[in-house]
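# Using only what follows, build the 3D model:
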Amino acid sequence: MIKKEILENREKAEFSPSGFHDIAAGNISKADAGEYWKGVFGNVERVPEYTMSETELFDKTRDCSEDSFDFEFHPDERMRAILKSFNEEDWCGLDIAEQKALVEELADQIGKELELGNIPEIVFYEGPADECGFYREQYNDIGINVNTFSDPKELVDTVAHEMRHAYQRMRADKLETVQDELYKYSFENYIAPEFDGEGCCVNYFDYQDQLVEAEARAYARTYTNYMEVA
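Model prediction:
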């Protein structure tokens, strides 16, 4: 499924972002896709703040595997209690107001663990059931689709995924390390999924395997993996 959360302007979606979509990969191969994007970005003049070459930046932010990221996860007592509340039995015992409050608490706790200077606001909206949420850097908010509340584990994944995007954006703005450069380059050359007339994604691998998406999925997985064994 595809998760498209980074929206550039409100005109694209007023609380109607793209989220998870079941799609079929297009006919283009992964190798051909890589060559295509090298052609698109290969001749772009490198901006002064980058210490790496355009080729290095491209190679390190494309064809990224979710499994190549290794996050240690040592939740404190508060985080363990929050995640326990997202277990099916506990979650179903909450009313909608309590569930929303728990989502906000989870986001706040993740934000503190990521040391975000400005934790994104959580906004709730009603959308299609296959649409989980989004992150909008210009409004510093994260949208959560209330019609996905029936799957609390997926909800945790969405919140963690979007909060990781907020962290990536913060680091890209600071531009203090090599990793920050990679985040910045990945955002500046962000590839949104595109669909043909039959609804097939023509750039599936490009979207899924770019740095900011693969890393955000890996980060979110640490939370859901913990829920499975806790």
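# Run through the strands of this structure in chain order.
2-3, 20-21, 121-125, 133-136, 141-145 (DSSP state E).
# Packed most tightly, which of those would that be?
Greatest average neighbour count among these goes to strand 133-136 (a mean of 26), per mean count of other Cβ atoms under 10 Å. All C-beta atoms are positioned from the backbone trio N, CA, C, and that covers glycine.
# To residue 194, which of the strands of the chain lies closest?
strand 2-3 (10.6 Å; Cβ to Cβ).
# Could you save the strands of the chain as a markdown table and add columns showing mean pLDDT and distance to residue 222?
Shown next, in a markdown table, are these (pLDDT from 0 to 100; distance: least, Cβ to Cβ, whole Å):
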| stretch | mean pLDDT | distance to residue 222 |
| --- | --- | --- |
| strand 2-3 | 49 | 16 |
| strand 20-21 | 30 | 19 |
| strand 121-125 | 98 | 20 |
| strand 133-136 | 95 | 18 |
| strand 141-145 | 98 | 18 |
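# Format those as a markdown table; extra columns: distance to residue 152.
Listed next are the strands of the chain as a markdown table, based on distance: least, Cβ to Cβ, whole Å:
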| stretch | distance to residue 152 |
| --- | --- |
| strand 2-3 | 17 |
| strand 20-21 | 15 |
| strand 121-125 | 15 |
| strand 133-136 | 14 |
| strand 141-145 | 12 |
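# quick one: which of those strands is nearest residue 203?
Among the strands of the chain, the nearest to residue 203 by Cβ to Cβ is strand 2-3 (10.2 Å).
# Show me the shaky parts of this protein.
1-48 (pLDDT under 70).
# quick one, helices of it?
Ranges of helices in the chain, per DSSP state H, are 30-41, 54-61, 77-85, 88-92, 96-113, 152-174, 178-188, 204-208, 211-229.
# Can you add distance to residue 195 and mean neighbour count and give those back as JSON lines?
Compiled in JSON lines, the helices of the chain are given as follows (distance: least, Cβ to Cβ, whole Å; neighbours: other Cβ atoms under 10 Å):
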{"stretch": "helix 30-41", "distance to residue 195": "15", "mean neighbour count": "14"}
{"stretch": "helix 54-61", "distance to residue 195": "23", "mean neighbour count": "18"}
{"stretch": "helix 77-85", "distance to residue 195": "35", "mean neighbour count": "14"}
{"stretch": "helix 88-92", "distance to residue 195": "33", "mean neighbour count": "12"}
{"stretch": "helix 96-113", "distance to residue 195": "29", "mean neighbour count": "17"}
{"stretch": "helix 152-174", "distance to residue 195": "21", "mean neighbour count": "22"}
{"stretch": "helix 178-188", "distance to residue 195": "22", "mean neighbour count": "19"}
{"stretch": "helix 204-208", "distance to residue 195": "10", "mean neighbour count": "21"}
{"stretch": "helix 211-229", "distance to residue 195": "17", "mean neighbour count": "19"}
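# now these in a markdown table, with distance to residue 139?
What follows is those, written out as a markdown table (distance: least, Cβ to Cβ, whole Å):
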| stretch | distance to residue 139 |
| --- | --- |
| helix 30-41 | 27 |
| helix 54-61 | 25 |
| helix 77-85 | 25 |
| helix 88-92 | 28 |
| helix 96-113 | 15 |
| helix 152-174 | 11 |
| helix 178-188 | 16 |
| helix 204-208 | 22 |
| helix 211-229 | 18 |
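# do you know which of those lies nearest residue 123?
Among those, if distance is taken as Cβ to Cβ, the winner is helix 96-113, at 10.2 Å.
# Thanks again, I'm all set now.
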